[in-house]
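>>> Got a sequence here, can you build the structure:
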Amino acid sequence: MEWNLGQLAALAAVASEGTFDGAARRLHVSPSAVSQRVKALEQMVGRVLVVRTHPARMTASGEEVLRLARQVEVLTDDAGRALGQAPSAPPSVPIVVNADSLDTWALPALAPVADRVRVDIVREDQDHSARLLRDGTAMAAVTSLRTPVQGCTVTPLGRMRYRAMATPAYAERWFPDGVTVDALAVAPMVVFDRKDDLQDRYLRRRSQRAWSPPRHYVPATAAFTRAVRLSFGWGLLMELDVGVVGAADGLVELDPQRPVDVPLYWQQWKLRSPALDALASAVADGARAALRPPTRRR
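Model (predicted):
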């Protein structure tokens with residue numbers, strides 16, 4: 001196939017912006033021009049690539065072509081810079097970062113390369129980033145997945161530690177005899193969202209029994225911490241925040257001997273690019289400074 005760079009750019013813009021109008025604004029052309037380019041690309045490959053919904057959605061074939069389009073964007077930008085024909089803006093690289101990393105160590109880690117690389121961050125749970133790497137939405141991710149997604153490399157970053165925290169009043173009410181299995185079975189807890197299994201992971205370590213305690217879903221990091229502070233329930237808070245939050249708000253640690261560690265990894269496409277290499281180096285440096293060291297495996 002003879003790939004057309006303009007058509008690939010149109011597909012990537014539709015995927016990034018979610019609409020043909022948004023893609024047109026990004027590319028400084030009309031929406032009809034974007035539609036024509038995508039249609040021509042579909043005719044060349046002989047398959048539908050984009051489902052025209054709101055937002056637009058890539059088909060399985062579209063995801064395959066989108067990965068190519070993303071790689072072409074980065075490589076053409078690198079080539080232009082190497083030839084002294086750098087565009088006015090730094091290259092844009094879509095990456096996935098989980099909410100807790102985004103709210104603590106990730107942005108300071110990325111700051112040193114912000115003048116050389118534009119990051120297009122997608123916030124997603126660390127356990128659910130593989131899909132975004134596979135479908136071409138992102139080129140790299142901070143993830144808890146140790147097994148590489150097809151076409152990606154994996155680098156250990158470190159461990160983010162969480163500790164079970166609550167207010168003294170909550171602990172006195174729900175755990176008068178200590179943090180027992182029976183008390184955990186009925187004590188309300190705060191959960192980030194329905195993808196979040198950290199609290200359940202802690203409960204499984206305490207016992208293999210079936211757990212169904214009351215749950216409050218609070219899908220924002222600062223609000224999650226505030227819900228714990230307001231005695232909605234107990235919750236696992238990041239160790240990076242526990243010192244500040246605990247000292248300032250009088251929170252108590254319920255079970256100091258059983259913290260929950262989440263190993264984090266950097267997965268990125270197998271694509272040599274100065275932009276991706278700069279991001280990978282910055283993320284690794286930031287993680288080394290902020291996270292616990294990776295667990296050594298035999």
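>>> Buried residues, stretch 196-205. List them.
For stretch 196-205, burial by neighbour count (16 or more other Cβ atoms under 10 Å) applies to Asp196, Leu198, Gln199, Tyr202, Leu203. No exception for glycine: its C-beta is placed from N, CA and C like everyone else's.
>>> contacting residues around the fourth one?
Meaning Tyr202. Neighbouring residues of Tyr202 by Cβ atoms under 8 Å, 6 or more residues apart in numbering: Ala164, Leu236, Asp255, Arg258, Val260.
>>> In a strand, it, correct?
No: per DSSP: H, G, I helix; E, B strand; the rest coil, Tyr202 lies outside any strand segment and is helix.
>>> Show me what the spatially most central residue of the chain is bridged to.
The structure's the chain has its C-alpha centroid closest to Val97; by Cα atoms, centre = their mean the separation is 2.6 Å. The partner list for Val97 in beta bridges (DSSP bridges) reads Arg123.
>>> Does it touch Val142 like I think?
Yes: using Cβ atoms under 8 Å, Val97 is in contact with Val142, at 4.9 Å.
>>> Mind listing the shared neighbours of those two?
Ala106.
>>> in the longest strand along the chain, what's buried?
Identified as the longest strand of the chain according to DSSP state E is strand 152-166. Of all the residues in strand 152-166, those buried under the rule 16+ other Cβ under 10 Å are Cys152, Pro156, Leu157, Gly158, Arg159, Met160, Arg161, Tyr162, Arg163, Ala164, Met165, Ala166.
>>> And the helices in the protein?
Using DSSP state H, the helices found in the chain span residues 5-17, 20-27, 31-45, 60-82, 99-102, 106-110, 130-134, 168-174, 181-184, 198-206, 221-229, 239-249, 274-290.
>>> now the angle from the third one to helix 20-27?
Right, helix 31-45. Angle, helix 31-45 to helix 20-27, by axes from the mean of the first three to the mean of the last three Cα atoms, to 10 degrees: 100 degrees.
>>> ok, now the fourth one?
Between the axes of helix 60-82 and helix 20-27, defined by the same axes, to 10 degrees, the angle is 10 degrees.
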